[in-house]
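Peer 1: build me a structure from this.
(one chain, ligands or ions: 1)
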Amino acid sequence: MSDVRDLSVAAGLAAIEARDLAAAEWADAYAGLPDELGAYLWRPDEPIGGEEGPLGGVPVAVKDIFCIEDVPTTAGSRILENYLPPYTATAVERLLGAGASVLGKTNMDEFAMGSSNENSAYGDVRNPWDTDRVPGGSSGGSAAAVAGGLAPCALGTDTGGSIRQPAAFCGVVGLKPTYGSISRSGMIAFASSLDQCGPFTRTVADAALLLRVMQGADPRDTTSTGIAAGVEMPSREDLSGVRVGVPRELASEAEGMEDGVREVMERTIALCESLGATVAETSLPNARYGISAYYVIAPAEASANLARYDGVRFGERVAAEGLDDMYELTRAAGFGPEVKRRIMLGTYALSSGYYDAYYGRAQRVRTLIARDFENAFADHDVLLTPTSPTVAFPLGSRTDDPLAMYMADYCTVPMSLAGVPAISIPGGLAAAPDGGPELPVGVQLVGPAFGETALLDAAHALESAIGFDTNAAWRGGADA
Ligand code: GLN
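Peer 2: Predicted coordinates:
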């Protein structure tokens with residue numbers, strides 16, 4: 001074996017089984033590595049070891065939005081600096097219970113609000129393909145860790161694209177499962193009706209391995225139902241008989257799509273056909289309103305969820321004379337500008353007199369988008385879109401333009417609103433419009449609710465045909 005860090009989750013487990021690798025060696029290979037990307041916010045002296053089980057020895061990096069008992073958990077915010085949770089998130093508990101060990105907590109946009117990781121209170125994360133570019137967000141640290149050879153797999157959360165978009169920007173696999181398949185207990189809430197946990201991995205099979213362990217109902221989250229039929233390991237070698245739909249609103253007609261992304265999409269469509277799929281254009285007529293509806297619903301829910309950071313119950317407090325002053329000073333000092341913007345937007349949208357005009361209307365749009373997906377899945381088994389209209393953009397290039405930043409999730413937000421599962425896999429490389437090295441382009445496959453097995457199967461077949469090297473960035477590209 002050339003390098004332990006080359007190993008996918010499945011390959012590492014096989015090496016342990018064959019006694020070519022000792023379980024503890026795997027995490028140790030990652031433990032002391034320098035983190036020049038700024039991917040981690042916290043790493044323990046020794047990886048936090050789990051029990052024995054199907055993931056025995058698997059090292060995993062965890063987005064800093066998941067509570068782990070007595071481990072610093074900030075959600076990328078000053079307001080949770082020095083916060084030590086009294087319990088562990090169910091998703092993490094299940095991984096530890098299956099034998100995984102935690103390498104550390106990864107950097108993220110504050111409260112998962114962002115598409116570039118530039119909203120973290122603890123500094124930027126760099127894209128391992130080009131360190132002057134963003135890794136995507138909000139799970140930027142997790143994506144950079146996997147692509148940058150700092151972890152074989154990682155956990156993220158996706159509210160409107162925060163697993164899929166950074167996976168695309170960093171050239172790794174990112175899965176947002178069906179809403180409700182994995183418990184949200186212990187996952188710091190942003191927008192509760194949208195938040196979903198999922199894995200970052202180097203292969204689709206690895207995503208299945210983690211999903212199998214994490215999914216399932218949990219009495220601590222009443223919206224978690226689990227995937228009743230379970231999740232089978234992907235095994236498909238071609239796409240014969242698979243009906244692929246390409247929704248034009250998110251593909252040929254998508255706003256702001258770069259030529260390089262368009263070319264990778266065209267190549268991917270041709271590849272699907274050569275693998276035996278029938279590919280047809282389809283329509284999600286209301287998907288174009290996804291961003292508008294999302295930026296009412298998500299801030300509305302965030303404004304309610306973030307009311308709990310009052311300087312009394314969690315994290316930091318700024319001392320003041322009276323209670324009102326204490327709230328005000330604590331929240332003014334503790335939250336960053338994007339979080340404040342969302343709280344103001346959300347509070348406004350929910351205020352009496354406006355509730356129906358904004359929140360009620362956005363919820364109706366959400367229903368229409370969910371129906372669009374149902375209609376599309378009557379004729380198609382999977383939908384194919386680009387994950388993001390662009391490749392990774394330069395650090396600082398969109399920070400002054402929130403709307404341009406929000407458009408990074410144009411292709412991922414509709415699935416979050418509908419609750420359906422979606423996976424981003426690397427489709428190939430493309431040049432950025434502003435020059436520089438070629439960068440990864442993600443393609444997104446979408447399936448019907450709880451259809452993870454078939455979705456992962458199709459993604460696996462396509463991934464094998466694409467043959468993208470998800471280790472290329474950290475190995476130094478050229479001779480990879
Ligand atoms: N970029 C979107 C936002 O800022 C999505 C973030 C996410 O999925 N957590 O809200």
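Peer 1: so residue 205 makes contact with residue 14?
Peer 2: No: contact between residue 205 and residue 14 fails when scored by CB atoms under 8 Å: they sit 11.1 Å apart. No exception for glycine: its C-beta is placed from N, CA and C like everyone else's.
Peer 1: before we move on, which element is residue 167 in?
Peer 2: In this assignment (DSSP states H and E), residue 167 forms part of helix 164-170.
Peer 1: what about residue 216, neighbour count?
Peer 2: Residue 216: 17 surrounding residues under other CB atoms under 10 Å.
Peer 1: now swap in residue 354 and tell me
Peer 2: 12.
Peer 1: ok, now the one 4 residues further on?
Peer 2: Close neighbours of residue 358, defined as other CB under 10 Å, add up to 20.
Peer 1: ditto for residue 233
Peer 2: By other CB under 10 Å, neighbour count at residue 233 equals 14.
Peer 1: what do you get for residue 245?
Peer 2: By other CB under 10 Å, neighbour count at residue 245 equals 23.
Peer 1: for it, what are phi and psi?
Peer 2: Main-chain dihedrals, residue 245, degrees, to the nearest 10: phi -110, psi 140.
Peer 1: for it, give its distance to residue 377.
Peer 2: The gap separating residue 245 from residue 377 is 8 Å, by CB to CB, to the nearest Å.
Peer 1: which residues do the two both contact?
Peer 2: residue 383 (CB atoms under 8 Å, 6 or more residues apart in numbering).
Peer 1: those residues of the stretch 251-400 of the chain touching the ligand, which are they?
Peer 2: Contact residues, the stretch 251-400 of the chain versus the ligand (CB under 6 Å from any ligand atom): residue 298.
Peer 1: from the stretch 251-400 of the chain, which residue is nearest to the ligand?
Peer 2: When scored by CB to the nearest ligand atom, the stretch 251-400 of the chain has residue 298 as its residue closest to the ligand, at 5.3 Å.
Peer 1: ok so that residue is a strand residue?
Peer 2: No: counting by DSSP: H, G, I helix; E, B strand; the rest coil, residue 298 falls outside a strand, being helix.
Peer 1: what about the closest residue to it other than its chain neighbours, how many residues nearby?
Peer 2: Excluding the flanking residues, the one nearest residue 298 by CB to CB, 6 or more residues apart in numbering is residue 191, at 4.1 Å. Neighbourhood size, residue 191 [other CB under 10 Å]: 24.
Peer 1: returning to that earlier point: more neighbours: residue 205 and residue 14, which one.
Peer 2: Using other CB under 10 Å, the more surrounded residue of residue 205 and residue 14 is residue 205, with 21 against 13.
Peer 1: now find how far off-centre the helix or strand hosting that one is within its chain.
Peer 2: Using DSSP H and E, residue 205 sits in helix 204-214. Relative to its chain's centre, helix 204-214 lies at 14 Å (CA atoms, centre = their mean, to the nearest Å).
Peer 1: list of residues touching it?
Peer 2: 8-10, 13, 53-55, 60, 91, 94-95, 98, 100, 152-153, 155, 173, 175, 177, 181-182, 197-199, 201, 230-234, 423, 425, 452, 456, 459-460, 463.
Peer 1: any quick PyMOL command for the buried ones out of those residues?
Peer 2: Burial among the contacts of helix 204-214 is assessed by 16 or more other CB atoms under 10 Å; the matching PyMOL selection reads:
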select buried, resi 8+9+10+13+53+55+60+91+94+95+98+100+152+153+155+173+175+177+181+182+197+198+199+201+231+234+423+425+452+456+459+460+463
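Peer 1: show only the entries of the contacts of helix 204-214 found in helices.
Peer 2: 9-10, 13, 91, 94-95, 452, 456, 459-460, 463 (DSSP state H).
Peer 1: without its sequence neighbours, what residue ends up closest to the residue in the stretch 351-480 of the chain positioned nearest to the ligand?
Peer 2: Closest to the ligand within the stretch 351-480 of the chain is residue 409: 4.7 Å, counting by CB to the nearest ligand atom. Nearest residue to residue 409, sequence neighbours excluded (CB to CB, 6+ apart): residue 161, at 3.8 Å.
Peer 1: got it, and residue 310?
Peer 2: Closest to residue 310 by CB to CB, 6+ apart is residue 327, at 5.6 Å.
Peer 1: check which helix or strand covers the one you found.
Peer 2: Going by DSSP H and E, residue 327 is in helix 323-334.
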